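> how does the following fold in three dimensions:
(one chain, ligands or ions: 2)
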Amino acid sequence: MSAQAILHDVFGYSEFRGQQAAIIDHVIQGQDALVLMPTGGGKSLCYQIPAIVRKGVGIVVSPLIALMQDQVEALLQQGVKAAFLNSSLDAESAWRIEQDLVDGKLDLLYVAPERLLTPRFLQLLDQTELALFAIDEAHCVSQWGHDFRPEYVQLSILHERFPHVPRLALTATADEPTRREIIERLGLIGAKQFTSSFDRPNIRYRIVQKQNPREQLLRFLETEHPTDAGIVYCLSRKRVEETAEWLRSRGWNAFPYHAGLSNAIRQENQQRFIREEGNIIVATVAFGMGIDKPNVRFVAHLDLPKSMEGYYQETGRAGRDGLPANAWLAYGLSDVITLRYMLDRSEADEQHKRLERRKLEALLGFCETTLCRRQVLLNYFGESYSAPCHHCDNCLEPVATWDGKIAAQMALSCVYRTGQRFGVKHLIDVLLGKETPQVQRFFHHKVSTFGIGRDYSELQWRSIYRQLVAANLLTVDMSGYGSLRLTENCHPLLRGDQTIALRKDPEVFRRKTKISPAREQKESSAPKDELWQILKNKRLELAKEQGVPPYIIFHDSTLVEMHAKRPKTLEEFAGISGVGERKLERYGAAFIQVIRAHES
Ligand code: ADP
Ligand code: ZN
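Ligands and ions are numbered 1, 2, ... in the order given. Sure thing, here's the model as predicted:
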């Protein structure tokens, strides 16, 4: 069968996306490849289809048990002969799958790297006809990355032991050093590289100035995602717990996830997120790797991620299905102060610190920019994206800058006049001329900057200080918690030789107005009427019968199309994207029935 026919009949899609056709063709010819494609780009088909077309079984190396199970379940639903081998299986089931393997009864076998590398398994492979090796999450081979798996390094053995079997390494990690490491360590020097754009056009990036983050989060959920599933990231376990608790007290189905919870609770919360609909998971970055739930509609950060890489990876978990999704981050002065403080306290050696500093500066630059966020993000990853995207906060609601020279001078001299020993709150009290007990105690009502800043509000001063810290004109003192000190960089500004353009944060400089129209635009393209609910219920019912997540039955995008076209015959139903032969057979009648019942 041809690749195109399999795409249509088995997977129910009419066209290949992006470079899929070229990659699949290349692998079917028996060539090696390195595939760099963002999350949601459609990497799986790149090895699944060649594995079906070529003789023998495709071996897929995957580091994540949950992911394997999901993929295999999805393939079985589509009538593909797939199985997995990992530590979750009992000995007898594993033995049966090994038999199927050598008997040539499988199209695809997913296997954990540590199992693949056992002498026993390699011997089994010697007796098996092999279509290809796919090495998923290939960046796990990188020692510098955050997902390093020592076993991945040993995968170079595949090349030596099975030189005639094509190998396909896939990753969504974009940067050049990682790419080089994959090629070198997996022995892919001659392999063709297929690089796609890392843009995720369906994700809308937005950063809001943090004031009352929980309330801001709540407003965001209420206006844009009242019934959607999403992830809320926080920095600490404590914050995770508190936020989840608080959301629950407000009537949201929110579940915590962090490394401090017992394995059982983590599993349960993760399962609820995956198998039920519309749940929110509140998590530290411990959560996410290996979650390929396609209909995560938003990723919200209540704290800054650690780096641009972290931000891209975490936000990338939204909208795998290609439908509109939101990346929302609340960012403020306290975040900048915490990060600068942690960096100074870091015990890393000089070289490492420099690297950390560069990463931090990039992240702060991204938060503070008035340019298109997508441009800044993609440029950071070495991709030129020249026109503004019209789909991020800065594009949709352009941010003005203002000449902050005088204000910055006031802010900086206030730090100086008070001895570089105080935190922002006190500094702002002085600028605003507030005679608080602390101001009096230190005689700061006598300093020259007392009361000179009354033209700006407290919030505006916080915005100014945030930007001065982000721009490294101020630094955070290690000895006194959160007290600010001048850095060398501020001399030209203080002397008046230099000016500074500050961001006019809309939330802070705008008079209190209603949410602007750009924010009110409805996010999810999912229809919210009765038929939509009926279709979703049907899907959930079928999923529960089989103990699988709803998206394994049909993706949201398939449901959306069903809702729009309202198929009433099997023939019409077959025309819906995502409906292959097997799913038509299994589910067509059930959905047609509820559609008909609804219309009669
Ligand atoms: P990745 O592994 O790159 O994150 P997946 O392989 O999981 O991405 O694919 C993402 C989504 O896109 C899946 O829902 C998949 O079914 C869908 N998809 C992939 N290729 C196509 C295609 N050619 N046409 C329509 N949908 C596709
Ligand atoms: Zn933009």
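> who touches stretch 18-36?
Applying C-beta atoms under 8 Å, 6 or more residues apart in numbering, the external contacts of stretch 18-36 come out as 3, 16, 37, 41-43, 45-47, 49-50, 53-54, 132, 138, 164, 166-174, 179, 182-183, 188, 190-196, 198. Quick note: C-beta positions are derived from backbone N, CA and C, even for glycine.
> what's the distance between the residue lying farthest from the centre of the chain and ligand 1?
Here the chain reaches farthest from its C-alpha mean at Lys446, the gap being 50.5 Å by C-alpha atoms, centre = their mean. Lys446 sits 62 Å away from ligand 1 when distances are taken as C-beta to the nearest ligand atom, to the nearest Å.
> renumber starting at 354 from here on
With the count now opening at 354, the last piece we talked about shows up as Lys799.
> let me see the contact set for that residue.
Counted by C-beta under 8 Å, 6+ apart, Lys799 has zero contacts.
> ok so it is a helix residue?
No. Looking at Lys799 with DSSP: H, G, I helix; E, B strand; the rest coil, it is coil, so not inside a helix.
> which pLDDT does the model give it?
Looking at Lys799, its pLDDT stands at 95.
> cool, and Lys865?
51.
> need the residues that contact whichever helix or strand Met695 is part of.
Assigned by DSSP states H and E, Met695 belongs to helix 686-698. If you take C-beta under 8 Å, 6+ apart as the criterion, helix 686-698 is touched by 563, 656-657, 706, 709-710, 713, 716-717, 777, 815-816, 818-819, 822-823, 828-829, 831, 835.
> repeat that for 6 Å
With contacts defined as C-beta atoms under 6 Å, 6 or more residues apart in numbering, helix 686-698 is touched by Leu657, Glu709, Leu713, Arg815, Tyr818, Arg819, Val822, Ala823, Val829, Met831, Gly835.
> give me the neighbour count for the fifth one.
Counted by other C-beta atoms under 10 Å, the residues lying close to Tyr818 total 26.
> any idea of the pLDDT on the closest residue to Arg532 other than its chain neighbours?
Leaving aside its sequence neighbours, Arg532 sits nearest to Leu389 (C-beta to C-beta, 6 or more residues apart in numbering; 6.8 Å). Per-residue confidence (pLDDT) for Leu389: 93.
> so what pairs up with Leu389 in the strands?
Thr524, Thr548 (DSSP bridges).
> I'd like to know how many residues surround it.
25.
> from His654, how far out is it?
Using C-beta to C-beta, to the nearest Å, Leu389 is found at 25 Å from His654.
> what about Ala760, helix or strand, and which?
helix 758-770.
> so after the helix-or-strand element of the chain with minimal mean pLDDT, what's the next helix or strand?
In the chain, no helix or strand scores lower on mean pLDDT, DSSP states H and E than helix 870-873, which sits at a mean of 43. Later in the chain than helix 870-873, the nearest helix or strand by DSSP H and E is helix 883-899.
> and that next one, which residues are buried?
Buried residues in helix 883-899, counting neighbours by 16 or more other C-beta atoms under 10 Å, are found at Leu884, Ile887, Leu888, Lys889, Lys891, Arg892, Leu893, Leu895, Ala896.
> closest one of the residues you listed to ligand 1?
The closest of the buried residues of helix 883-899 to ligand 1 turns out to be Arg892 (C-beta to the nearest ligand atom; 14.7 Å).
> check what pLDDT that closest one gets.
95.
> equivalent analysis for Glu860, please.
The predicted local confidence for Glu860 is 83.
> close enough to count as contact, it and Gln562?
Yes. Between Glu860 and Gln562 there is a contact under C-beta atoms under 6 Å: 4.8 Å.
> which one of the two has more residues nearby?
Higher neighbour count among Glu860 and Gln562: Gln562, with 20 against 13, using other C-beta under 10 Å.
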